[in-house]
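S.K.: I'd like to go over a predicted model; first the sequence, then the structure.
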Amino acid sequence: MPHQLPADPHSHARPAEVSVHHLALDLTVDFQLRQLRGSATWQLTRPTPTAAHLLLDVRGLHLEAVLLDGPDGAPAEFELGADDAVLGQALRISLRPDTTAVCIRYRTAPDAAALQWLSPEQTAGRRQPFLFTQSQAILARTWLPCQDSPGVRFTYEARVTVPPHLLALMSAENPQQLDPGGRYQFHMRQPIPAYLMALAVGDVQFRALSARTGVYAEPVTLPGAAREFEDLEKMVAAAEDLYGPYRWERYDLLVLPPSFPFGGMENPRLTFVTPTILAGDRSLTSLVAHELAHSWSGNLVTNATWNDFWLNEGFTVYFERRIMEQLYGRPYADMLQVLGHTSLHHTLQALGPDSPDTHLHLNLAGRDPDDGLNDIAYEKGDYLLLTLESLVGRPALDTFIKEYFARHSFQSMDTASFVQYLRRELLDRHPGLEQRLPLEAWIYGPGIPAGAPPVSSERFAAVDAAGQSWQRGTPAVQLPTGSWSSHEWVHFLQHLPRPLSREQLAELDAAFGLTRSGNSEILAAWFPLTIAAGYAPADEPLHQFLRHVGRRKFLTPLYRALLTTPGGPERARQVYAQARPNYHAVTTSTLDALVGLPPH
């Protein structure tokens, strides 16, 4: 039986009283009005039979009607609660004792935070508009009245009408061909939480990569994307070898326009990915391994609330690196581990040694849960699992993880329940283990507890030697960089001494063409050096990058770097004013506060 979950501080819903279990969605996509309009019909489960109200989350939706027992039912009494800047409003619907469904007719606001409406000029093909959603963490409520909590799961079906020349896709069974009438039907038979609801509409085509994998992209992007993701079926097979069968039938990718705010989003059956991973050499596909791993950790077993986010991401980072090791060898995976470790220490330094935001279990009540989406959940969570691996060995840990996914499939897990399960199924079976693993300190304490195993990379050791050789006077063109991956270049740039002179940067640039690199990870590591030195040849490529790329991971440190330079705040505001229309609300919500715009 599923266990009782803690109350979710980021949802108005009360699923212990009345919960939703199936959605019938009927939407029309209107690019001219930048609006979705239609209806959501929810089938209800009533754990508390005497409960007289259904509570849903809404934010910025225009409600046209609420009906009992489906689209043809009688009008329902309903009221909207006070508007909260983060949580939106509670939609409180009065139910009869025999009510089994409610239908909400509604339309979205043009500025709905989950939706990004792109003009043709903002897409790769520059021919047709594009729409995509980003529902995580609590933005599903801006395009769908729902119980917007990761602890509530439901199946769904949908009918979506779009302009005839565009293809519609969802986190569901998807079409592979254009419908001339622009009418699409979708089914999702596995129950998912609202944050995994996804919709994309655009001029995209499909190419199969195997019997169960494929890639969607704009026509101009599709050939390169298909080459980049050739190993997708191998990834799925490697994941299954590690932790059990893939439970979602198909695994496809959708390459979005550059404004997508994240590297990827693990929408079931259809991972959304940023085009910034299309490096041409498959060197950035660990991001795909990460999103694939979410098909087990996150989508199959889901964090109960956003305070438990590490249960999604820590397992996923560990799993991702195990997939990459299986495909490309231990030295390759070690590079990813060291890069993650470096990022973790930067985050710990930025947050402070005693910050409660460096705990694995968070307290995000009263705050946007996006505040918790940082490297602590990802890398500290992974580091806890690495520490466990070092103490019990891989076979024991793998058996534990595989069983954990199998036992809790299509359920949610909170931190306290996980700790109890971990003790019962693993720690108590190894006498003295918990004394060597300070579990409470890892989960409920700041920083990294003592006794965590060191991480290292033999390939990065060679990169460090090359960097030291250059600093001692070896010309850059003589450094042995010919076989370096993206990861080695990023490590090299991140570990150069600060500050570098313009002359030193010019030498590196002349030798390696860094300013003109087509690799976003390399550019994101290079530009902070050029910003700090005032290296003018990189200025315009930097501005183009900031205007073109919407990935928050890259943008936040680059704007921060600009702000610290003489005249930087004004320069940052000028670039941001031009670039902001290309960014998703997830990104602007971070950068508005960081950069600021002059008052209109």
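M.R.: Yep, it's here. Numbers count the residues shown, from 1 in each chain.
S.K.: what about the helices in the stretch 201-350 of the chain?
M.R.: For the stretch 201-350 of the chain, the helices defined by DSSP state H, counting those that start in this stretch cover 222-228, 232-243, 286-293, 309-328, 330-351.
S.K.: Can you check which of the ones you listed gets nearest to residue 215?
M.R.: helix 222-228 (5.0 Å; Cβ to Cβ). For the C-beta atoms, the positions are set from N, CA and C on the backbone; glycine is no exception.
S.K.: Okay, residue 316 and residue 323: tell me how far apart.
M.R.: In this view, residue 316 and residue 323 are 10 Å apart by Cβ to Cβ, to the nearest Å.
S.K.: Now do the SS call for the closest residue to residue 390 other than its chain neighbours.
M.R.: The shortest distance from residue 390 to any non-neighbouring residue, by Cβ to Cβ, 6 or more residues apart in numbering, is to residue 453 (4.4 Å). The three-state assignment at residue 453 reads coil, by DSSP: H, G, I helix; E, B strand; the rest coil.
S.K.: How many residues are close by residue 453?
M.R.: 11 (other Cβ atoms under 10 Å).
S.K.: what does residue 205 give?
M.R.: Using other Cβ under 10 Å, residue 205 is surrounded by 15 other residues.
S.K.: okay but it is in contact with residue 222, surely?
M.R.: Yes - shown here, residue 205 and residue 222 form a contact pair, counting by Cβ atoms under 8 Å, at 5.5 Å.
S.K.: Can you work out which residues contact both of the two?
M.R.: By the contact definition Cβ atoms under 8 Å, 6 or more residues apart in numbering, residue 205 and residue 222 are jointly contacted by residue 216.
S.K.: All the helices of the stretch 401-550 of the chain, in order from the start?
M.R.: Assigned by DSSP H, counting those that start in this stretch, the helices in the stretch 401-550 of the chain fall at 415-425, 433-436, 439-444, 458-471, 486-494, 502-512, 520-533, 539-548.
S.K.: any idea which of the ones you listed scores lowest on pLDDT?
M.R.: Lowest mean pLDDT within the helices of the stretch 401-550 of the chain: helix 433-436, at a mean of 91.
S.K.: tell me how far it is from the chain's mean position?
M.R.: The chain centroid and the centroid of helix 433-436 are separated by 33 Å under Cα atoms, centre = their mean, to the nearest Å.
S.K.: start at 3 instead
M.R.: Okay, residue one is now 3; in that scheme the one you just asked about reads as helix 435-438.
S.K.: so what secondary structure elements neighbour it?
M.R.: Where contact means 3 or more Cβ pairs under 8 Å, 6 or more residues apart in numbering; DSSP states H and E, helix 435-438 is packed against helix 383-394.
S.K.: From one end of stretch 252-266 to the other, what's the distance?
M.R.: Stretch 252-266 has an end-to-end distance of 17 Å (Cα to Cα, to the nearest Å).
S.K.: Next, the buried residues of that stretch.
M.R.: 252-266 (16 or more other Cβ atoms under 10 Å).
S.K.: What of stretch 213-221?
M.R.: Using 16+ other Cβ under 10 Å as the test for burial, stretch 213-221 gives 215, 216, 217, 218, 219, 220.
S.K.: repeat for stretch 332-342
M.R.: 334, 335, 336, 337, 338, 339, 340, 341, 342.
S.K.: Which residue, other than its chain neighbours, is closest to the first one?
M.R.: With Cβ to Cβ, 6+ apart as the measure, residue 326 is the residue that lies nearest to residue 334, at 6.0 Å, once sequence neighbours are left out.
S.K.: next one: the third one
M.R.: Nearest non-adjacent residue to residue 336, counting by Cβ to Cβ, 6+ apart: residue 459, 4.1 Å away.
S.K.: Might you report the residue contacts of that neighbour?
M.R.: Taking Cβ under 8 Å, 6+ apart as the test, what residue 459 contacts is 333, 336, 337, 339, 340, 493.
S.K.: Adding distance to residue 282 and mean neighbour count, write the helices of the stretch 403-552 of the chain out as CSV.
M.R.: Listed next are the helices of the stretch 403-552 of the chain as CSV, based on distance: least, Cβ to Cβ, whole Å; neighbours: other Cβ atoms under 10 Å:
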stretch, distance to residue 282, mean neighbour count
helix 417-427, 40, 16
helix 435-438, 45, 13
helix 441-446, 39, 17
helix 460-473, 20, 15
helix 488-496, 10, 21
helix 504-514, 16, 17
helix 522-535, 11, 22
helix 541-550, 17, 17
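S.K.: do you know which of those lies nearest residue 163?
M.R.: Across these, closest to residue 163 is helix 541-550 (Cβ to Cβ), at 31.3 Å.
S.K.: which residues touch the closest one?
M.R.: With Cβ under 8 Å, 6+ apart as the test, helix 541-550 has contacts from 260, 517-518, 522, 525, 529, 532-533, 556-557, 560-561, 577-578, 580-581, 584.
S.K.: any idea how far the nearest residue to residue 390 once chain neighbours are set aside lies from residue 413?
M.R.: Distance criterion Cβ to Cβ, 6+ apart; nearest residue to residue 390, sequence neighbours excluded, is residue 399 at 5.6 Å. Separation of residue 399 from residue 413 (Cβ to Cβ) stands at 21 Å.
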